[in-house]
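>>> Need coordinates for the following:
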Amino acid sequence: MSSIIFFGAGGNAINNFEKWIDQGIIPVCFCDSDKSKHYTKFITKGGGYDILPLNEAIRLYPDYIIYPTQNPSHLKSIIIYLLNIGIHENRIKIFPRYCNNIINNMNIFSFEKYLTNYTFCFNQQIRPLYKSSGNLKDDYDMIQKYGERMINDLKLGKICSCSYCSNLKEGNISNFSTKFFFNIGSGIKGSEYCNMKCIYCSFLNINNKNDIFNYSLMDIFNFLSFNFNSDDLFITYGCGEITVSPYYKYIMNIWEKKNWCGRLITNALIFKDEISKLLKQKRISLNVSLDAGTEDTYFKIKGVNYFSKNIKTLKKYSEMDGNIELKYILLNNLNDNETDIFEFLNIAKQLNSSSVIISRPFNKYFIPLSNHEKSLIKYFISISKDFNLKIENYLCYYINNINDINFVEALL
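Coordinates of the predicted model:
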């Protein structure tokens, strides 16, 4: 068995040492780039560990493996430092980590995530990884194998393309769901139809790309209907606006016939009996990005003057005991004010929404939260709690900075 060296004898190591020991990851010594710590002790409940210069620790323990102990936000720079001083990649491990995206979507997520340049995951290292073979079953099998390998690498602490993602959580994975969660979104032929002109929408840019996914919605739904039982499948449908899609009737018929469960990402502008029926049967939920609490703001964001009509349709669905998730995408100089947020949450309360969501545009992922955004997020969460509304934390998908992630999680 290899000798484990912990690299970094700072605050993160102090806070997490006992947890790592409980996982069976026990060091023979510590190392640190701070020379003032050399030949001192890292004190724990069980005693002290020597803090040595790295070259001396390697000499004493030639069968070594190094675990960087720093905060995840510094992990990439530490690994690069170790590689630059001659430590082979096979000698470096990270503490077991897992990705909620993978665990909660063991299908492995969206087809288009891997087959085009557009993905719900913002880790730039994993896209695109695989070009379509032209056979949907072969593509699916390949994506499955890749996702399983990524899970295994993260579980074993191997360095992989996802290792530096700020959304990873530390810990071991005991089991993950075998249910298949399909996220069907943009990049698929037939996903471009919509009756709104939201200023943040990226669908037109995606559908105009040359590398658009080669399969159509018909291909996807035929594949699902032939390969999965209703008890095994949960579909998130986000292809443009389903109520104006030429495939609407076909999709609804097959959805009802197969008795599937899922989520429709819709603007809920047009009331549809088929959707209402599935809501009554508890087969679907609606995810609606309303983004405003006032008529003026709604028009500025949506490009159409249908605020009242939209609320009326949402109320009809709500009266069917519909499961409605109401979303608010925070946009600079448009809805980033307390008035719109309060009125939005008041609407959510009146609709008896199953949950509320605050989010950011896709393109802001690498931009740290501003003080203004932090203030509004804090206000959104506070009023939601006052209204007894359940809050879904989507922000972690739109934030790269670990301190911002910690800020949001502390509020929740």
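
>>> Not counting sequence-adjacent ones, nearest residue to Cys198?
Lys302 (5.6 Å; Cβ to Cβ, 6 or more residues apart in numbering). Any C-beta I mention is one placed from the backbone N, CA and C, and that applies to glycine too.

>>> what's the answer for Tyr200, then?
Among residues not flanking Tyr200 along the chain, Pro361 sits closest, at 4.7 Å (Cβ to Cβ, 6+ apart).

>>> these two touch, right, that neighbour and Tyr328?
No. With contact defined as Cβ atoms under 8 Å, Pro361 does not count as touching Tyr328 (12.0 Å).

>>> Comparing the two, which residue is more hemmed in?
More crowded of Pro361 and Tyr328, by other Cβ atoms under 10 Å: Tyr328, with 23 against 16.

>>> Using CSV, write out every CA atom in the lengthiest helix in the chain.
Ranked by residue count, the top helix of the chain under DSSP state H comes out as helix 136-156. C-alpha atoms of helix 136-156 as CSV (Å, rounded to 0.1, in the frame of the first residue of the first chain):
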residue,chain,number,x,y,z
LEU,A,136,-28.8,6.8,-31.6
LYS,A,137,-28.4,3.6,-29.7
ASP,A,138,-24.7,3.5,-30.2
ASP,A,139,-24.4,7.1,-29.2
TYR,A,140,-26.4,6.5,-26.1
ASP,A,141,-24.3,3.5,-25.1
MET,A,142,-21.0,5.4,-25.7
ILE,A,143,-22.3,8.3,-23.5
GLN,A,144,-23.2,5.9,-20.8
LYS,A,145,-19.8,4.3,-20.7
TYR,A,146,-18.1,7.7,-20.6
GLY,A,147,-20.3,8.9,-17.7
GLU,A,148,-19.7,5.8,-15.7
ARG,A,149,-16.0,6.2,-16.2
MET,A,150,-16.2,9.8,-15.0
ILE,A,151,-18.1,8.7,-11.9
ASN,A,152,-15.5,6.0,-11.2
ASP,A,153,-12.6,8.4,-11.7
LEU,A,154,-14.1,11.0,-9.3
LYS,A,155,-14.9,8.2,-6.8
LEU,A,156,-11.3,6.9,-6.9
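
>>> Now Lys385, what are its backbone angles?
Reported as degrees, to the nearest 10, the phi and psi values for Lys385 are phi -70, psi -40.

>>> for this structure, which spans come out with low pLDDT?
Low-confidence segments of the chain, defined by pLDDT under 70, are located at 100-132, 143, 147, 166-167, 172-180, 186-187, 202-214.

>>> tell me the domain ranges of it?
3-95, 96-213+240-257, 266-411 (automatic domain parsing).

>>> ends of the second one, how far apart?
Domain 96-213+240-257 has an end-to-end distance of 42 Å (Cα to Cα, to the nearest Å).

>>> Just the strands from this protein, written as ranges.
3-7, 29-31, 40-44, 47-52, 64-68, 97-98, 169-170, 180-184, 233-237, 261-265, 284-289, 324-329, 355-359, 391-392 (DSSP state E).

>>> Nearest to Tyr215, out of those?
Each of the strands of the chain was scored for nearness to Tyr215 using Cβ to Cβ, and the closest is strand 180-184 (10.2 Å).

>>> Remind me what that closest one packs against, helices and strands.
Applying 3 or more Cβ pairs under 8 Å, 6 or more residues apart in numbering; DSSP states H and E, we find strand 180-184 packed against helix 111-115, helix 217-227, strand 233-237.

>>> want to try TSV for those, with distance to Asn400 and mean neighbour count as columns?
Output for the helices and strands packed on strand 180-184, formatted as TSV (distance: least, Cβ to Cβ, whole Å; neighbours: other Cβ atoms under 10 Å):
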stretch	distance to Asn400	mean neighbour count
helix 111-115	18	25
helix 217-227	30	17
strand 233-237	23	22
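
>>> Select, out of the ones you listed, the one closest to Met1.
Proximity to Met1 (Cβ to Cβ) singles out helix 111-115 among the helices and strands packed on strand 180-184, at 36.3 Å.

>>> can you give me the helices in the stretch 251-400 of the chain?
All helices of the stretch 251-400 of the chain, identified by DSSP state H, counting those that start in this stretch, fall at 273-280, 295-302, 307-319, 338-350, 371-386.

>>> May I see the domains of the chain organised as CSV, with distance to Asp231 added?
As requested, the domains of the chain are exported to CSV (distance: least, Cβ to Cβ, whole Å):
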stretch, distance to Asp231
domain 3-95, 34
domain 96-213+240-257, 8
domain 266-411, 12
